[in-house]
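Colleague: sequence and predicted structure below; questions after.
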Amino acid sequence: MKPRVLVRLLEIQRVLLRHGLDDYVRATHLYRPLRFLFSLSPLVWFERRRTLSRGMRLRLALEELGPIFVKFGQAVSTRRDLLPPDIADELAMLQDRVPPFPGSTARAQIEEAYGRPLAGMFESFDETPLAAASSAQVHAARLPGGQEVVVKVLRPGMRAMIERDLEVLHALADLAQRYSREGRRLRPREIVAEYQKTVLDELDLMREAANATQLKRNFAGSDLLYVPEVYWDYCRNDVMVMERIHGVPISDLNRLKAAGTDIRQLAENGVRIFFTQVFRHNFFHADMHPGNIFVLIDDPRRPRYAAVDFGIVGTLDPRDQHYLAENFMAVFERDYHRVALLHLESGWVPPGTRIAEVESAVRTVCEPIFDRPLKDISFGRILLRLFEISRRFNMQIQPQLILLQKTLLNVEGLGRDLYPDLDVWSTATPILREWMRERTSVRALARGLRAHIPELIEAARGVPALLTALIEREYTRLQPPPAAADTSELRAALERGARRRDAATVGAALLLGGLVWLAVGRDPAGLGWALLGAGAAAIIYGTWRSS
């Protein structure tokens with residue numbers, strides 16, 4: 001282990017001890033050999049006498065340790081059902097009340113990015129930040145045309161701090177994967193690598209601007225979610241400018257209720273937004289803590305979400321999409337045999353695993369869920385329960401699903417904070433069912449074919465040459481030695497080859513015509529299917545006649 005990694009580990013322990021979080025240190029086996037050194041320090045004795053609450057001490061420690069630890073606190077704070085109220089209240093302050101850095105520093109960084117004074121870029125710029133997060137902060141400004149905008153700028157030295165802590169995480173993951181059997185199953189190296197990609201991507205504000213633009217395009221015309229406009233001419237790698245949103249923070253429940261907001265509709269819309277992003281768009285906002293979500297209440301009976309901070313987004317492989325949707329539906333219908341088959345088909349459990357054993361394990365972890373009212377059943381908890389059977393069957397954790405799992409838990413926690421009686425199942429299930437129907441529809445097949453028309457045309461162009469080569473090979477194989485050549489037999493072979501070639505050419509033309517007809521969505525669709533059937537029949541008939 002590198003010396004600077006060891007130094008950082010000791011620094012983490014020192015911060016925890018200095019804030020009186022001794023229990024966290026004692027629970028950390030890695031630090032156990034060095035713990036006594038700090039316990040003997042008079043500085044620690046005096047620091048333990050502090051009178052701050054445990055939640056405040058934990059928050060201050062996370063803030064001092066840096067952005068990666070702040071992000072951890074932000075993620076945990078959204079699950080109030082898993083935390084004591086005093087800790088949840090303090091960690092919630094990490095969502096948008098991280099201590100800011102000086103506005104003068106922000107101005108200097110922005111001017112360096114633009115290469116010119118701010119007076120030449122903005123009509124006005126407020127050095128007092130609107131909000132500060134773990135990796136950046138935002139300032140209010142006006143463009144020369146008078147548009148209200150927010151300017152997001154990275155914290156100074158942010159990349160160096162994150163890269164240092166990522167190095168610590170890599171070292172710990174390497175130790176776990178080398179020396180722990182459970183660590184090898186959990187694949188910590190891959191999880192840290194996935195997390196590293198996510199965190200470093202968040203430091204590129206041009207990427208974040210592109211994410212915001214994509215999300216805005218996905219929800220164009222929607223009454224569920226509003227995404228602010230990005231002003232590309234003002235964006236740089238460490239500076240981003242976008243439309244300012246005047247909404248009510250999602251955490252300000254009293255203000256929302258006072259305005260007559262339909263809280264139930266708001267909570268259900270949050271679930272719809274998430275499942276629409278994951279399954280319809282395959283592009284989801286993966287940092288949905290309350291500090292990043294506002295509510296537009298121009299019409300309180302039809303509240304609309306407005307999102308900010310698009311540094312972390314997620315996508316899924318189509319196979320993972322299918323796997324998740326099928327698993328959710330199978331669990332909801334208590335079809336545990338189907339769940340077991342899905343685990344095997346997806347490759348998440350080793351080949352040769354007995355289906356009956358997996359089915360029994362899934363039933364054991366899922367049945368207790370259904371003892372509670374439907375409104376209390378959590379998608380996130382079901383996903384966690386499905387992962388629980390991994391220990392028994394040596395299932396490998398899939399790193400690409402970690403982000404989705406975290407976001408799903410956050411969304412459910414947020415929804416139930418708004419409306420405790422939220423029935424996530426009844427809200428999300430219709431979206432899943434409709435998406436699964438669409439995947440297997442003729443229209444979906446036509447869209448897929450339309451996307452591959454160029455490849456189909458290229459393939460069709462190669463059919464005559466391929467058939468010619470096949471016929472020539474067949475002719476060569478059937479041709480007798482010159483001395484024993486039989487003219488009638490040779491003529492028959494040539495005729496069979498010609499019939500096969502003609503039938504294949506006609507069949508290929510019909511198949512291509514049917515594919516194109518379906519791909520362009522022309523009516524009636526039955527004609528396209530008829531052409532496909534006729535093409536297949538022509539090829540089969542030609543092969544039979546020439547055999």
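Modeller: The structure has been received and is ready for your questions. Numbers count the residues shown, from 1 in each chain.

Colleague: drop to CA atoms for contacts and neighbour counts, all remaining ones
Modeller: OK.

Colleague: so where's the stretch 401-547 of the chain uncertain?
Modeller: When the per-residue scores of the stretch 401-547 of the chain are filtered using pLDDT under 70, the ranges that remain are 441-468, 470-529, 531-532, 535, 538-547.

Colleague: pretty sure Arg264 contacts Leu422?
Modeller: Yes - at 7.2 Å, Arg264 counts as touching Leu422 under the criterion of C-alpha atoms under 8 Å.

Colleague: when those two are compared, which one has more neighbours?
Modeller: Per other C-alpha atoms under 10 Å, whichever of Arg264 and Leu422 has more neighbours is Leu422, with 22 against 16.

Colleague: neighbours around Arg304, how many?
Modeller: For Arg304, the tally of surrounding residues (other C-alpha under 10 Å) stands at 23.

Colleague: what bridges to it?
Modeller: Legend: beta-bridge partners of Arg304 under DSSP bridges are Leu296.

Colleague: pLDDT wise, what is it at?
Modeller: The per-residue pLDDT reported for Arg304 equals 95.

Colleague: how about the contacts made by it?
Modeller: With C-alpha atoms under 8 Å, 6 or more residues apart in numbering as the criterion, the residues that contact Arg304 are Asp223, Leu224, Leu225, Tyr226, Leu266, Val295, Leu296, Ile297.

Colleague: list buried residues within the residues you listed.
Modeller: Leu224, Leu225, Tyr226, Leu266, Val295, Leu296, Ile297 (16 or more other C-alpha atoms under 10 Å).

Colleague: pull the most distant pair out of these.
Modeller: Using C-alpha to C-alpha, the buried ones among the contacts of Arg304 span at most 13.5 Å, a distance reached by Tyr226 and Leu266.

Colleague: got the buried ones among the contacts of Arg304 as CSV, with distance to Pro303 and pLDDT columns?
Modeller: Written out in CSV, the entries for the buried ones among the contacts of Arg304 read as follows (distance: C-alpha to C-alpha, whole Å; pLDDT from 0 to 100):
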residue, distance to Pro303, pLDDT
Leu224, 8, 93
Leu225, 9, 95
Tyr226, 11, 96
Leu266, 6, 94
Val295, 7, 96
Leu296, 6, 95
Ile297, 5, 93
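
Colleague: for Arg4, grab the count of nearby residues.
Modeller: Neighbours of Arg4 under the rule other C-alpha under 10 Å: 12.

Colleague: quick revisit: can you redo the contacts of Arg304 as JSON lines with distance to Glu202?
Modeller: Output for the contacts of Arg304, formatted as JSON lines (distance: C-alpha to C-alpha, whole Å):
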{"residue": "Asp223", "distance to Glu202": "28"}
{"residue": "Leu224", "distance to Glu202": "25"}
{"residue": "Leu225", "distance to Glu202": "22"}
{"residue": "Tyr226", "distance to Glu202": "21"}
{"residue": "Leu266", "distance to Glu202": "28"}
{"residue": "Val295", "distance to Glu202": "24"}
{"residue": "Leu296", "distance to Glu202": "26"}
{"residue": "Ile297", "distance to Glu202": "30"}
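
Colleague: from these, which two are the most distant?
Modeller: Across the contacts of Arg304, the two lying at the largest distance from each other (C-alpha to C-alpha) are Tyr226 and Leu266, at 13.5 Å.

Colleague: shared neighbours, the two?
Modeller: Arg304, Tyr305.

Colleague: for this structure, what spans make up the strands?
Modeller: Listed in chain order, the strands of the chain (DSSP state E) span 124-125, 131-132, 136-142, 148-154, 225-226, 239-243, 248-249, 284-285, 293-296, 304-307, 313-314.

Colleague: can you lay out these as CSV showing distance to Gln177?
Modeller: CSV is the format used below for the strands of the chain (distance: least, C-alpha to C-alpha, whole Å):
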stretch, distance to Gln177
strand 124-125, 49
strand 131-132, 36
strand 136-142, 33
strand 148-154, 34
strand 225-226, 42
strand 239-243, 38
strand 248-249, 42
strand 284-285, 30
strand 293-296, 37
strand 304-307, 38
strand 313-314, 26
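
Colleague: between these, which one is nearest to Arg334?
Modeller: With respect to Arg334, and counting by C-alpha to C-alpha, the nearest of those is strand 284-285 at 28.0 Å.

Colleague: adjacent strands (with direction) for that closest one?
Modeller: The partner list of strand 284-285 in its sheet, established with DSSP bridges, is strand 313-314 (antiparallel).

Colleague: just the residues contacting the strand it pairs with, thanks.
Modeller: Surrounding strand 313-314, the residues in contact under the criterion C-alpha under 8 Å, 6+ apart are Asn211, Asn282, Phe283, Phe284, His285, Ala286, Asp287, Leu403, Leu404.

Colleague: now it: average pLDDT?
Modeller: Strand 313-314 carries an average pLDDT of 88.

Colleague: and stretch 2-22, what's buried?
Modeller: Residues 5, 8-10, 12-22 are the ones in stretch 2-22 that count as buried (16+ other C-alpha under 10 Å).

Colleague: identify the farthest-apart pair in the residues you listed.
Modeller: Taking C-alpha to C-alpha as the measure, the buried residues of stretch 2-22 span a maximum distance of 23.0 Å, between Val5 and Gly20.

Colleague: run through the residues that contact Leu266.
Modeller: Leu266 makes contact with Arg302, Pro303, Arg304, Tyr305, Leu418 under the criterion C-alpha under 8 Å, 6+ apart.

Colleague: roughly how far does the second one sit from Ile297?
Modeller: Between Pro303 and Ile297 the distance is 5 Å, computed by C-alpha to C-alpha, to the nearest Å.

Colleague: do the third one as well
Modeller: In this structure, Arg304 and Ile297 are 7 Å apart, going by C-alpha to C-alpha.

Colleague: same question, the fourth one
Modeller: Tyr305 is 9 Å from Ile297, where distance means C-alpha to C-alpha.

Colleague: from the buried residues of stretch 2-22, which land in helices?
Modeller: Among the buried residues of stretch 2-22, the members found in helices (DSSP state H) are Val5, Arg8, Leu9, Leu10, Ile12, Gln13, Arg14, Val15, Leu16, Leu17, Arg18, Asp22.

Colleague: now, among those, which is nearest to Leu256?
Modeller: For those, with Leu256 as the reference and C-alpha to C-alpha as the criterion, the closest is Leu16, at 37.5 Å.

Colleague: the closest one contacts Glu63, doesn't it?
Modeller: No - the pair formed by Leu16 and Glu63 falls short of the contact definition of C-alpha under 8 Å, at 11.4 Å.

Colleague: nearest approach to Leu91 belongs to which of the strands of the chain?
Modeller: Of all the strands of the chain, the one in closest proximity to Leu91, counting by C-alpha to C-alpha, is strand 131-132 (14.5 Å).
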